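Participant: need a 3D model of the sequence below.
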Amino acid sequence: MARHDDTTERPDRLFAESDQGGGWPDEAWPDAPEPSWMADPLGDGGGSDPYTADRMSDTTTIPAFDLGSDTETVVVDLTGEQPVVVQEVTPDVPQETATLAAPAAHPAPATQSAAPYAPIVRPDTVREWQLPPVPGTDGYGAESLTAATVLRTRRARPQSGWRKRVLTMTGGKVNLGPSAEDRRRAAQLEAARTPVRGTHRVAVISLKGGVGKTTTTAALGSMFANLRGDRVIAVDANPDRGTLGERVVRESGATIRHLLQNRENVTRYGDVRAFTSQSPTRLEVLASDADPGASSALSEQDYIDTLDVLERFYNLVLTDCGTGLLHDAMRGVLGLASSLVVVSSASLDGARSASATLDWLEAHGLDDLARNAVVVISSVRPGGGIVDVLQLEDHFASRCRAVVTIPYDPHLEAGGVLELHELDDETVEAYRELAAAVGEGFARDHG
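Facilitator: The predicted model follows:
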């Protein structure tokens, strides 16, 4: 194809002169030797093009391209060194702003931030109200006469064992008081019922699948809902297909995606109940999107928007996370988490994965969450196998606030709808201990 040598056909409107629109002064451009490419500007071996050579020899004329009134003009100095783009982010300058700078002689290798999961600040999480003191605490007036200050207190009654039988046989006349076991259980209930200010968000996480993470979420949520008087909800935040919705009898076919689509119209508790299913223990579950035709997984912003809706109606939110820590939704989960429950199986690989989870949290600036986490060792096989569970408990106790071992239970192994009354007494006691251990962390919200 023949080359067009007629330079008169070049439209002058394609070039912006330096003196238009307050352009660059002549002294802003230092003298520089003519680049080698100007000897053959067209790159075809035909020598200098008269028009181009004449234009490029004048360094005060900066070539640019006008793409319309709505397009910004980019000015580039073609006579100097090849520029590089350096991002400069300041409070007064948008992040998209870029400046041109010469490359460094020895550029430093790119490094990745070690703490990408900074907690998301919620200034309205706990509101301080101007309220009067509790009646009876000021010591004056009629309000100081309360049951605690006037009535004679009765000795606490035993709840189990031979002490209770003695109390029953004597018609309540012989009260030996609660046993050590009764007092321990009472302390557990008190810890599990620790008041929550605002909303407490518990994230149940694990790097490895099949260790009982979803079962732990459902059982812990059921125990909290059964023991506490406030509203408790469990959210399936698995970016793929989660199974938390299968642990309760489904009352609604809605998923977290449907709630997000209608969140602007959810203004009452009765509205949000259309999207959740409730178990006999009063635990509510918001299922994940199980549509195989879904084109996008749950994102960080999706999770944040979901919490914005749920925090208006629920005091305690448990999140069943997917396996792994690097998917987008986990950024929102860990950024908003008040406390963590790390689940491990009673096996070597499961324990290594749980310990690696703590390593990852510490390496990414989430040391406080790791130190105050509760580790659950879930026995998914009968008999416990050959693993020394006591050794695992000692390992995690040195790294976290509490460790709870859940014994093997056939009802949990089935993987169907979870019913607390179907569990063995030993399993119920273990989950009560877990609720107490997690509940103790609620007191940190008051600090």
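
Participant: what segments of the stretch 201-350 of the chain are strands?
Facilitator: Using DSSP state E, counting those that start in this stretch, the strands found in the stretch 201-350 of the chain span residues 232-237, 277-278, 284-286, 316-321, 339-345.

Participant: right, and the ones you listed - which one's nearest residue 261?
Facilitator: With respect to residue 261, and counting by CB to CB, the nearest of these is strand 284-286 at 13.4 Å. All C-beta atoms are positioned from the backbone trio N, CA, C, and that covers glycine.

Participant: just checking: what are the partner strands of that closest one?
Facilitator: The strands that strand 284-286 pairs with in its sheet are strand 232-237 (parallel), strand 277-278 (antiparallel) (by DSSP bridges).

Participant: walk me through the domains of the chain.
Facilitator: In terms of domains, the chain is parsed into 27-84, 198-446 (source: automatic domain parsing).

Participant: any chance of the ones you listed in a markdown table, with mean neighbour count and mean pLDDT too?
Facilitator: Shown next, in a markdown table, are the domains of the chain (neighbours: other CB atoms under 10 Å; pLDDT from 0 to 100):
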| stretch | mean neighbour count | mean pLDDT |
| --- | --- | --- |
| domain 27-84 | 12 | 52 |
| domain 198-446 | 19 | 90 |
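
Participant: let me see the contact set for residue 212.
Facilitator: Contacts for residue 212 were tallied using CB atoms under 8 Å, 6 or more residues apart in numbering; they are 343, 345, 376, 378, 380, 406, 412.

Participant: what bridges to the second one?
Facilitator: With DSSP bridges applied, residue 345 shows beta-bridge pairing to residue 378.

Participant: between strand 339-345 and the helix or strand hosting residue 396, find me the angle.
Facilitator: The secondary structure element spanning residue 396 is helix 389-397 (assigned by DSSP states H and E). Compare the direction of helix 389-397 with that of strand 339-345 by axes from the mean of the first three to the mean of the last three CA atoms, to 10 degrees and you get 150 degrees.

Participant: now for helix 389-397, which elements pack on it?
Facilitator: Here helix 389-397 is seen to pack against helix 348-363, strand 374-378, strand 402-406 when contacts are counted using 3 or more CB pairs under 8 Å, 6 or more residues apart in numbering; DSSP states H and E.

Participant: JSON lines please, covering those and showing distance to residue 170.
Facilitator: Supplementary listing: the helices and strands packed on helix 389-397 in JSON lines, determined by distance: least, CB to CB, whole Å:
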{"stretch": "helix 348-363", "distance to residue 170": "50"}
{"stretch": "strand 374-378", "distance to residue 170": "42"}
{"stretch": "strand 402-406", "distance to residue 170": "38"}
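
Participant: for residue 146, which of the strands of the stretch 201-350 of the chain is the nearest?
Facilitator: In terms of CB to CB, the element of the strands of the stretch 201-350 of the chain nearest to residue 146 is strand 316-321, at 29.3 Å.

Participant: hmm, back to that, could the strands of the stretch 201-350 of the chain go into a markdown table alongside distance to residue 184?
Facilitator: What follows is these, written out as a markdown table (distance: least, CB to CB, whole Å):
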| stretch | distance to residue 184 |
| --- | --- |
| strand 232-237 | 24 |
| strand 277-278 | 31 |
| strand 284-286 | 30 |
| strand 316-321 | 23 |
| strand 339-345 | 22 |
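
Participant: nearest to residue 365, of the ones you listed?
Facilitator: Minimum separation from residue 365 across those (CB to CB) falls at strand 339-345, 14.1 Å.

Participant: in this structure, which spans are helices?
Facilitator: For the chain, the helices defined by DSSP state H occupy 50-56, 147-150, 161-169, 180-192, 213-227, 256-261, 269-272, 300-310, 328-336, 348-363, 367-371, 389-397, 410-414, 425-440.

Participant: in TSV: the domains of the chain, plus distance to residue 183.
Facilitator: Compiled in TSV, the domains of the chain are given as follows (distance: least, CB to CB, whole Å):
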stretch	distance to residue 183
domain 27-84	70
domain 198-446	13
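
Participant: so which of those gets nearest residue 156?
Facilitator: Residue 156 lies closest to domain 198-446 among these, at 18.5 Å (CB to CB).

Participant: tell me how far the ends of stretch 361-368 are from each other?
Facilitator: Criterion CA to CA, to the nearest Å; first-to-last residue distance in stretch 361-368 is 9 Å.

Participant: for residue 325, what are its contacts?
Facilitator: Residue 325 makes contacts with 205, 207, 334, 357, 360, as judged by CB under 8 Å, 6+ apart.

Participant: picking that back up, need the helices of the chain in JSON lines with distance to residue 287, can you?
Facilitator: Below are these laid out as JSON lines (distance: least, CB to CB, whole Å):
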{"stretch": "helix 50-56", "distance to residue 287": "66"}
{"stretch": "helix 147-150", "distance to residue 287": "45"}
{"stretch": "helix 161-169", "distance to residue 287": "42"}
{"stretch": "helix 180-192", "distance to residue 287": "25"}
{"stretch": "helix 213-227", "distance to residue 287": "11"}
{"stretch": "helix 256-261", "distance to residue 287": "7"}
{"stretch": "helix 269-272", "distance to residue 287": "13"}
{"stretch": "helix 300-310", "distance to residue 287": "12"}
{"stretch": "helix 328-336", "distance to residue 287": "15"}
{"stretch": "helix 348-363", "distance to residue 287": "25"}
{"stretch": "helix 367-371", "distance to residue 287": "26"}
{"stretch": "helix 389-397", "distance to residue 287": "30"}
{"stretch": "helix 410-414", "distance to residue 287": "19"}
{"stretch": "helix 425-440", "distance to residue 287": "22"}
